[in-house]
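Visitor: When you get a sec, could you give me coordinates for this:
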Amino acid sequence: MNNHYKHFKDKLMKSTNIFKKYRTSLISLAALIAIVSLITFYRVKIQMDVGPIWDTYDFLSNALLFAGKGTGYSDLTRPPVISILTSLLFRLKYTSSAAIFVVDGLLFVFGVIGFFLLLKLRLSNIESILGSLLYATFPIVITFAGSGLSDVPSVSFSIWTIYFTILAVKKSSKFFYLSFPFLMLAFLTRYPSALLIFPIMFYIIINQKLIQKIRNITIGISISLLLLIPILIFFYDIFGNPFYSFLNFFGSSSSTASAGTYAYNPDILYFLNHLPSFIGAPGITIIAIILSFTSYMLLKLKKDRFKIKLINIKNVKKVTAVKMILFTILTLIFLGTLGKMFYMASEIIFFILFCIFYTLIKDINRKDIDIHLLIFAWFMAFFIFHSVYVVKDSRYFVTMAPQAAYFLIVGLNITLNTIKSKIKNINLTHLFSVILIFMLLFCTISYLPTIEEGNSNLTIRNENIYLASNWLINYDPDYKDKIIYSQLWPYSGWYLKTSVKMMPIIMNGQMYYTCIDSSNFSPQDSITSNNFLVNNDAYYCFSIQQGLNLTSYKPIKRFGNVIIYKRV
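Guide: Next comes the predicted model:
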């Protein structure tokens, strides 16, 4: 009895000591979770008022299918994870569209927790809170968090992938058992997340001597494949090809897009040009602090007549010289061909030149230089892809947001630590962190209401298609036996709970399966649209194309810009 009591007492003491050791970190994390959860609650509430977005309707319909409640409409070319998670709520008989907003919101908070732990590998508690809130409250992130899209959830899984990869190298290679499964989850949440393999490979290569057991990498990959196999079996059962969904994505991402396509934008510097609007006032403030300090230091060095000693080429080893030449050539090729060739070629070129770059600077005595390079490689993997791909959307910057927040907070840390060495008795890190945290919260409180205002057009569209769908249900109880086409097919499929086929917007003889400005269509386009519906034996048609003259169909009801046509 005494031995059991002693054993229990020892375990209790050990647990108490662990809590004392990490008490500050746990309290900081709890405070962060409370703040972000509150922000997420209001963000999800706003989205419930706005309603789903185009892609969200597809995820919702897929979730019904995964829950065993399929209605006949689904789009299984979409990544499955967010739909699978939403289907768990549907199985509990909560089949509201709000379910996917809740899932998205929970994954958002989960990602912020992972980012805090990632920052804690290098920074203090207060700086980690600031960095986490900086990421969580970037205008571009808060705009799409809790919206039911796949961007934020995939980034959340990506953050944990990077975190566990670092632990696998720095702590124990058994963390690969988690990093690769999280990589798979990120990929199955948003297919471009497969690009994470580049920064992970880079980090493993440059730290291969630190990895305890290489075989744990194989085990981690094997565990991740266990997550993939059921998905492949499902796709094989549906499409007859287990890789159909993946091939469909990679095929579309490598193809060219028409200038009339929604979000068509060939500007390579799109994301850099819009950076201020993506990161908001707090992010710009941090950049201003860093740049001001850098400018001051450069002026001081100039006044002190600081002389930069150029590298003596004669003293450089031949191997190093070859590496420098190769690095320079690859850099010029990368910059000269970016946007002019298949994005994967640019990814591979950058991967090779970055590995060479590491061999040139690896002897620099800088703490955590490998982690900084990993985060930068992570940023570039997605920056290259989304910059080269001509279809651009502001939400794609979400995939680069954690990396941007990381470098902002690390840059601020270096700046304040350098200044702190010159100013005694004042903890500048805590002072600036507290000021910036309050600034972040104030900006977030001010920004949240503007999300609903900025999406008023989506609210109206959701309301119109909802009313139109309900009207048709009452107008024709046998509508499910009819062939229905819609230019808003994900919306119609969700509300009608039946198979709805895609009707393109036809303009200037071209078919667009997305929302575009269709005001300049010709009479011939009306004829082509009419023939399209007739040839496909459509009975009903939901159109948002104003002034469409369909000779074989008559408009029977209108809700806003949504018009229901019925075959004559």
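
Visitor: burial count for F357?
Guide: 17 (other Cβ atoms under 10 Å). Placement of C-beta: from N, CA and C, glycine included.

Visitor: Work out for me the element it sits within.
Guide: Under the criterion of DSSP states H and E, F357 resides in helix 343-361.

Visitor: Just the buried positions in that helix, please.
Guide: Residues 343, 345-347, 349-351, 353-358 are the ones in helix 343-361 that count as buried (16 or more other Cβ atoms under 10 Å).

Visitor: and it, what's its mean pLDDT?
Guide: Confidence over helix 343-361, taken as the mean pLDDT, stands at 91.

Visitor: Tell me the secondary structure at F542.
Guide: Secondary structure state of F542, per DSSP: H, G, I helix; E, B strand; the rest coil, is strand.

Visitor: backbone phi and psi for the nearest residue to it once chain neighbours are set aside, please?
Guide: Using Cβ to Cβ, 6 or more residues apart in numbering and skipping the chain neighbours, the partner closest in space to F542 is S486 (3.8 Å). Torsion angles at S486 (phi, psi; degrees, to the nearest 10) stand at phi -150, psi 140.

Visitor: can I assume Y565 sits in a helix?
Guide: No. Y565 is assigned strand when assessed by three-state DSSP, not a helix.

Visitor: Isn't it up against I544?
Guide: No. Y565 lies out of contact with I544 (Cβ atoms under 8 Å); the separation is 11.6 Å.

Visitor: of these two, who's got more company?
Guide: Between Y565 and I544, counted using other Cβ under 10 Å, Y565 has the larger neighbour count: 24 against 20.

Visitor: Show me what the more buried one bridges to in the sheet.
Guide: Beta-bridge partners recorded for Y565 (DSSP bridges): C541, P555.

Visitor: any idea how far it lies from L185?
Guide: From Y565 across to L185, the span is 42 Å (Cβ to Cβ, to the nearest Å).

Visitor: same question, S61
Guide: Counting by Cβ to Cβ, the gap from S61 to L185 is 21 Å.

Visitor: So between these two, which is more surrounded?
Guide: S61 (24 against 21).

Visitor: Help me confirm that the more buried one comes into contact with S74.
Guide: Yes. S61 lies in contact with S74 (Cβ under 8 Å); the separation is 4.9 Å.

Visitor: overlap in contacts of these two?
Guide: Counting by Cβ atoms under 8 Å, 6 or more residues apart in numbering, the shared contacts of S61 and S74 are G493.

Visitor: show me what contacts I465?
Guide: I465 is in contact with L488, Y491, S492, Y495, F542, F559, V562, counting by Cβ under 8 Å, 6+ apart.

Visitor: Distance to K318 and pLDDT for those - can I get that in CSV?
Guide: Shown next, in CSV, are the contacts of I465 (distance: Cβ to Cβ, whole Å; pLDDT from 0 to 100):
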residue, distance to K318, pLDDT
L488, 64, 92
Y491, 65, 93
S492, 68, 93
Y495, 70, 94
F542, 70, 95
F559, 75, 94
V562, 71, 93
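
Visitor: Tell me the one of those nearest S83?
Guide: When those are compared for distance to S83 (Cβ to Cβ), Y491 wins out at 16.6 Å.

Visitor: quick one: the closest one from W54, how far?
Guide: Taken as Cβ to Cβ, the span from Y491 to W54 is 8 Å.

Visitor: same thing with L210?
Guide: L210 is 45 Å from W54, by Cβ to Cβ.

Visitor: who's more crowded, these two?
Guide: Relative neighbour count places W54 above the other of L210 and W54, with 16 against 12, counting by other Cβ under 10 Å.

Visitor: Quick check: that one vs S387, distance?
Guide: The gap separating W54 from S387 is 23 Å, by Cβ to Cβ.

Visitor: I221 and F180 touch, don't they?
Guide: Yes. Using Cβ under 8 Å, I221 is in contact with F180, at 5.1 Å.

Visitor: next structured bit after the helix or strand of the chain with the lowest mean pLDDT?
Guide: Using mean pLDDT, DSSP states H and E, the weakest-scoring helix or strand in the chain turns out to be helix 244-254, at a mean of 66. Remark: after helix 244-254, the chain's next helix or strand is helix 270-273, criterion DSSP H and E.

Visitor: For that following helix, name the packing helices and strands.
Guide: Helix 270-273 is packed against helix 369-388, with contacts defined by 3 or more Cβ pairs under 8 Å, 6 or more residues apart in numbering; DSSP states H and E.

Visitor: tell me the angle the helix it packs on makes with helix 343-361.
Guide: In terms of direction (axes from the mean of the first three to the mean of the last three Cα atoms, to 10 degrees), helix 369-388 departs from helix 343-361 by 160 degrees.

Visitor: For the helix or strand following helix 369-388, which outside residues touch it?
Guide: For helix 369-388, the following helix or strand on the C-terminal side (DSSP H and E) is helix 401-420. For helix 401-420, contacts defined as Cβ under 8 Å, 6+ apart pick out 111, 115, 118-119, 122-123, 127, 130-132, 134-135, 138, 140-141, 155, 158-159, 275, 278-279, 283, 286-287, 289-290, 293-294, 297, 372, 375-376, 378-379, 426-429, 432.

Visitor: what's the answer for stretch 94-104, then?
Guide: Contacts for stretch 94-104 (Cβ under 8 Å, 6+ apart): 44, 47-48, 51-52, 56, 59-60, 63-64, 67, 69, 82, 85-86, 89-90, 145-149, 152-153, 494.

Visitor: Any regions of the stretch 401-550 of the chain where pLDDT drops low?
Guide: 420-425, 515-520 (pLDDT under 70).

Visitor: Try it again at 90.
Guide: Residue ranges of the stretch 401-550 of the chain with pLDDT under 90: 412-433, 452-457, 504-526, 544-549.

Visitor: what are the ranges of the helices in it?
Guide: Under the criterion DSSP state H, counting those that start in this stretch, helices of the stretch 401-550 of the chain are mapped to 401-420, 428-454, 456-475, 489-496, 523-535.

Visitor: and the spatially most central residue of the chain, what are its phi and psi?
Guide: In the chain, the residue lying closest to the centroid (Cα atoms, centre = their mean) is D151, at 3.2 Å. Main-chain dihedrals, D151, degrees, to the nearest 10: phi -60, psi -60.

Visitor: got a pLDDT number for it?
Guide: 94.

Visitor: Name the nearest residue to it, ignoring sequence neighbours.
Guide: Excluding its sequence neighbours, the residue lying closest to D151 (Cβ to Cβ, 6+ apart) is V398, at 4.4 Å.

Visitor: residue contacts, that neighbour?
Guide: Counting by Cβ under 8 Å, 6+ apart, V398 makes contact with I140, V141, F144, D151, V152, V155.

Visitor: Just the buried ones from those residues?
Guide: Buried members of the contacts of V398, counted by 16+ other Cβ under 10 Å: I140, V141, F144, D151, V152, V155.

Visitor: from these, which ones fall inside helices?
Guide: Mapping those onto helices (DSSP state H) picks out I140, V141, F144, D151, V152, V155.

Visitor: The second one touches S156, doesn't it?
Guide: No. With contact defined as Cβ under 8 Å, V141 does not reach S156; the gap is 10.8 Å.
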